[in-house]
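Colleague: Structure, please.
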Amino acid sequence: MAFNKVFVLLVSALLLVATAKAQTARQQELDSLEVVLFALQNRDSAKAMELARYLVKNASSDRQRFRVYQKLSEFYFLNNNTDKALASLFNAKEAAEKIGDPMLLAQAYGSIANQYSYLNLTDKARNYLNRAIAEIGRLPEGKEKHRLKALSYIELGHLDFNNDKFLSANANYKSSLAEFDKIMPVDKGTLYHYKRSLYNIGNSYYYIKNPDSAEIYLKRALAVDDPKSKGLKFYIYSTLSEVYAFRGNNKRAIDTLQAIITDPGFDNPSLQSEIYLSLSKNYKIVGDAANYARYNEKYLALLEKQRGEDMKAINTAFDAEQQGFLSSLSESRIRNRWLVVAILASIAIGACGLAYLAKKRKKERSIYQSVIAGMKRDEVPLAEMTPAKAKEPEVGPNIPPLVEVEILEKLRRFEKSEKFRNPKLTISTLAVQLKTNPTYLSGAIKKHTDKNFNSYINELRIRYICDKIHHNPEYLNYKISYLASDCGFASHSVFSTVFKNVVGISPSVFLREEEKSHTQGAKPISP
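Modeller: Residues are numbered from 1 along each chain as shown. Just a heads-up that it's a prediction; the model follows:
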C-alpha cells in the first residue's frame, strides 16, 4: 500500500516536471518568434503580419500580447490598412488595461491618439492624448518619462496643426525637441521620433510663413541618419518643395516633387495625393496647362480612394469603442438602476441632438441652394444695384452727374478686373486707380450699393470665391486659409466671419454642401 502511494507521488512529480519543461519550451519558442518579428524589415510586412497573428493567438501573457498588437498595428499602417491598424491598437489597449502598467497604458493611448489625429478626428485624439499624459505623470523621473513627454508634445502639436493653430503647434513641437535634448544622444529606437520632431518644427514654420527657419529645421531633419525613417524623408522633401514655391522658385519645387514620386522606395498614397495637388498648382503657375490638368485629375482620383480607406478606419474605431462600452455594461450587469436611466437619457439627448443637427443641416442646405440659385442674378455688378429699401436721405457729397456716371462705369470695369483681390486695397488707392477722389468714390458706392467701402469690397471677394468653388472642383480640396488668401483676405478668421455674414453659412459648410452636390452629380450653374 505504501509502495503504491510512493509510486503515484513519483509519477505525479514526473508529470509536473514534464509539464513545466513543456511550458518553458513553449515560452522560449514564443519569445524567439517575437524576437524574429521585431527584427523583420518593413519590406517583409506580409511575413511579419502572418507571424504576428500567430503570436497574438498563442501569446503566453497580456504583456506579450500588447507588444505584438502594437507591432502588428505598425505593419498594417505601413501597408495602408488603416482600419486594421486601429483595430490592433484597440486590442493592444485592452491588453494594457488588464495589466494596469502606466508605461503600457501611455503607449496604448498615445498610439490611438496618433491614429485619430491622422484621421483628423481631433476631439477623439485629444481625449486619448489626455489619458496618455495622465499615465505619463504616474511614471518615475527618468529617460523614458522624457521620451514619452516628447512624443506627447508632438501629438499635441498635431492637434493644434489640424486646427490651423500653427503658432501653438510650433511651440509644442519645440517643447518635444527640448524633451529629446534632455536625453541626448537618443537611442536608435527614439531616433525616428527625434527626426520627426525636427521635421514638424520645420513644417509648422512654413505654415507661419517663415521659410528660412523652415528650411533650417527641415535640413537638420534630413541630416539625421536613421535607416528606419526612410519614409520620413519624402515628407521633408515635400515641405521643402512648398518652401521653394513660396519663394517663387516653382521649377525647383516641381523637380523636388518629381524626385519623390519617381523614387522606387516611395509608396504612400496619402502623401502622393498631396504631391499631385502641389504639382498641379506649380504647373499652373509656370503655365504648363497639360501637366496642370494631368496632375489635378490624378489628385482627384487618388483622393476619392483615400477617403474610402479613411472611412473604413473611422468605422473600425467607432465599432471598437462601441464594443468596449457594451462589454463594460455586460460585465457590470447594470447593477445600478440609475445607470440605465442615465443611458436612456443620453440616448434621448442624442436623439434630440441628431434632430437638431438634421434641422440645422437642412437650413444650411437651403441657404446654400439659395446662394447658388442667386449666383447668376448676382453677376450684375454691385455698382449697378440700388438699395433694396428706401431710407431717410443721408448727408453725402454732392457728386456732379457726369462724374457719378463715370465713376460707376469705372467701378464696373474694376469688378470685372478682380483687382479687389489685393489685400492691401484701400479707398485711397482705389480712388487713385480710378482717377477720382475718395469722397466722390465713397459716396457713389454708398448711394448705389447701400454699402460702405469695406463692405462693398468684402462682398466682391466673397462672391468671387463662391463662384470659384462652385465652378472649379479643385477648390473643394483647398484649405480655408488658402481660399481666404486667394480672394484677398489676409486673415483666416476675418475671412470666415465675413463669409458667414455675407452668405449666411460658414466657409466649411459651403464647401461641404458643394462637395455633396458634386458627389451627387449636380452640375454647376453655367455663367
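Colleague: ok, I465 touching D486?
Modeller: Yes. I465 lies in contact with D486 (C-beta atoms under 8 Å); the separation is 6.6 Å. Where you see a C-beta, it was placed from the backbone N, CA and C, and this is true even at glycine.
Colleague: Just the helices from the stretch 101-250 of the chain, written as ranges.
Modeller: Applying DSSP state H, counting those that start in this stretch to the stretch 101-250 of the chain gives helices spanning 102-118, 122-137, 143-162, 166-181, 188-207, 211-223, 232-246, 250-261.
Colleague: For K451, give me the backbone phi and psi.
Modeller: K451 adopts backbone torsions of phi -130, psi 150, taken as degrees, to the nearest 10.
Colleague: what about it, neighbour count?
Modeller: For K451, the neighbour count with other C-beta atoms under 10 Å is 16.
Colleague: Please apply the same query to N114.
Modeller: By other C-beta under 10 Å, 19 other residues sit near N114.
Colleague: again, but for the one 5 residues further on
Modeller: Other residues near L119 come to 18 when the count uses other C-beta under 10 Å.
Colleague: Give me the below-cutoff pLDDT ranges for this structure.
Modeller: Counting by pLDDT under 70, the chain has low-confidence residues at 1-49, 52, 56, 80, 303-359, 375-396, 519-527.
Colleague: show me where it has strands.
Modeller: Remark: no strands are assigned in the chain by DSSP state E.
Colleague: And the residue nearest the centre of it?
Modeller: In the chain, the residue lying closest to the centroid (C-alpha atoms, centre = their mean) is N120, at 4.2 Å.
Colleague: which residues touch that residue?
Modeller: N162 (C-beta atoms under 8 Å, 6 or more residues apart in numbering).
Colleague: Relative to L460, how far out is H470?
Modeller: Here H470 is placed at a distance of 16 Å from L460 (C-beta to C-beta, to the nearest Å).
Colleague: With S152 instead?
Modeller: Per C-beta to C-beta, S152 is found 46 Å from L460.
Colleague: State the number of residues packed around the residue nearest to L425 when sequence neighbours are not counted.
Modeller: Using C-beta to C-beta, 6 or more residues apart in numbering and skipping the chain neighbours, the partner closest in space to L425 is I457 (6.4 Å). I457 has 21 neighbouring residues, counting by other C-beta under 10 Å.
Colleague: residues contacting I457?
Modeller: By C-beta under 8 Å, 6+ apart, the contact list for I457 reads F420, L425, G488.
Colleague: do R365 as well
Modeller: Contact analysis of R365 by C-beta under 8 Å, 6+ apart lists E513.
Colleague: So that it lines up with my notes, have the first residue be 600 from now on.
Modeller: Sure thing, new numbering starts at 600, so read that last one as R964.
Colleague: ok, now how distant is it from N1021?
Modeller: In terms of C-beta to C-beta, R964 sits 34 Å off from N1021.
Colleague: Output the helices of the stretch 700-849 of the chain as TSV; include the columns distance to P1037.
Modeller: Converted to TSV, these look like this (distance: least, C-beta to C-beta, whole Å):
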stretch	distance to P1037
helix 701-717	49
helix 721-736	45
helix 742-761	42
helix 765-780	36
helix 787-806	36
helix 810-822	36
helix 831-845	34
helix 849-860	38
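Colleague: What segments of the stretch 950-1099 of the chain are helices?
Modeller: Going by DSSP H, counting those that start in this stretch, the stretch 950-1099 of the chain shows helices at 1000-1016, 1026-1032, 1037-1048, 1052-1070, 1079-1086, 1091-1102.
Colleague: Any buried residues in the first one, and which?
Modeller: It stands for helix 1000-1016. Residues E1003, E1005, I1006, L1007, K1009, L1010, F1013, E1014 are the ones in helix 1000-1016 that count as buried (16 or more other C-beta atoms under 10 Å).
Colleague: Please apply the same query to the shortest one.
Modeller: Buried residues in helix 1026-1032, defined by neighbour count with 16+ other C-beta under 10 Å: I1026, L1029, A1030.
Colleague: Distance-wise, check the residue nearest to L1024 relative to R737.
Modeller: 56 Å.
Colleague: And R819, by the same measure?
Modeller: 33 Å.
Colleague: and the residue lying closest to F833 once chain neighbours are set aside, how many neighbours?
Modeller: What sits nearest to F833 in space, not counting adjacent residues and going by C-beta to C-beta, 6+ apart, is I859, at 5.1 Å. Number of residues near I859 (other C-beta under 10 Å) recorded here: 22.
Colleague: Could you check how far I859 is from V1101?
Modeller: I859 sits 40 Å away from V1101, going by C-beta to C-beta.
Colleague: Repeat that for R819.
Modeller: 44 Å.
Colleague: Could you do T1038 as well?
Modeller: To V1101, T1038 is 26 Å away according to C-beta to C-beta.
Colleague: what does L718 give?
Modeller: Distance, L718 to V1101, by C-beta to C-beta: 32 Å.
Colleague: Same question for P999.
Modeller: P999 is 32 Å from V1101, where distance means C-beta to C-beta.
Colleague: Which one's more surrounded, the two?
Modeller: The neighbour count for P999 versus V1101, taken as other C-beta under 10 Å, is higher for V1101 (15 against 10).
Colleague: OK, contacts around the more buried one?
Modeller: Shown in contact with V1101 (C-beta under 8 Å, 6+ apart): N1057, E1058, I1061.
Colleague: just these now: which is nearest K1046?
Modeller: Of all the contacts of V1101, K1046 sits closest to E1058, with 16.0 Å by C-beta to C-beta.
Colleague: Is it correct that that closest one is in contact with K1050?
Modeller: Yes. Here E1058 lies in contact with K1050, judged by C-beta under 8 Å, at a distance of 6.9 Å.
Colleague: neighbours of A1043, just the number please.
Modeller: Other residues close to A1043 by other C-beta under 10 Å number 24.
Colleague: Excluding sequence neighbours, find me the nearest residue to it.
Modeller: Of all residues not flanking A1043 in the chain, I1006 sits nearest, at 4.5 Å (C-beta to C-beta, 6+ apart).
Colleague: quick one: the one you found from T1038, how far?
Modeller: To T1038, I1006 is 11 Å away according to C-beta to C-beta.
Colleague: I1079 now?
Modeller: Taken as C-beta to C-beta, the span from I1079 to T1038 is 36 Å.
Colleague: Between the two, point out the one with more neighbours.
Modeller: Regarding I1079 and T1038, a neighbour count based on other C-beta under 10 Å identifies I1079 as having more, with 17 against 13.
Colleague: Give me the buried subset of the contacts of V1101.
Modeller: N1057, E1058, I1061.
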